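sequence-free structure coming up:
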């Protein structure tokens with residue numbers, strides 16, 4: 001047999017207990033088993049993602065960025081409504097400086113003629 005049985009034959013050949021080698025073997029075996037199951041789970045996740053997201057993205061079902069897209073659209077609409085309803089009064093500028101800074105950078109890119117009508 002190519003594998004030496006544990007117990008007496010191992011002790012006869014090497015003469016004493018190999019505690020370090022035994023601990024190393026047990027730890028190595030546990031890590032190997034854990035890594036095997038993690039790799040199996042990873043392969044399953046890759047397969048599921050390639051089927052679910054890969055095919056659906058070919059059909060342009062953009063589920064992976066849906067939350068981000070909705071968040072950007074909602075915040076743009078809220079800022080735009082606040083911009084229109086404020087009229088640029090001094091009270092609003094004093095009370096909402098951070099919102100004004102955000103609006104300045106958003107509306108420069110998305111609202112036509114914003115640069116020419118407001119001096120920043």
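Nice, thanks for sending it over. Everything numeric in this text was worked out from a predicted model, so none of it was measured.

Could you list every helix and strand in contact with the helix or strand harbouring residue 22?
Assessed by DSSP states H and E, residue 22 sits inside helix 19-49. Where contact means 3 or more Cβ pairs under 8 Å, 6 or more residues apart in numbering; DSSP states H and E, helix 19-49 is not packed against any helix or strand. All C-beta spots, glycine's among them, are computed from the backbone N, C-alpha and C.

What residues sit buried inside it?
Of all the residues in helix 19-49, not one is buried under the rule 16 or more other Cβ atoms under 10 Å.

Show me how this structure divides into domains.
8-58, 66-117 (automatic domain parsing).

What's the mean pLDDT across the first one?
To tie it back to what came earlier, the one meant is domain 8-58. Average pLDDT, domain 8-58: 80.

Just give the closest residue to residue 17, not the sequence neighbours.
In this structure, residue 17 finds its nearest non-sequential neighbour in residue 11, 7.2 Å apart by Cβ to Cβ, 6 or more residues apart in numbering.

what about the one you found, which helix or strand?
Using DSSP H and E, residue 11 falls in helix 8-14.
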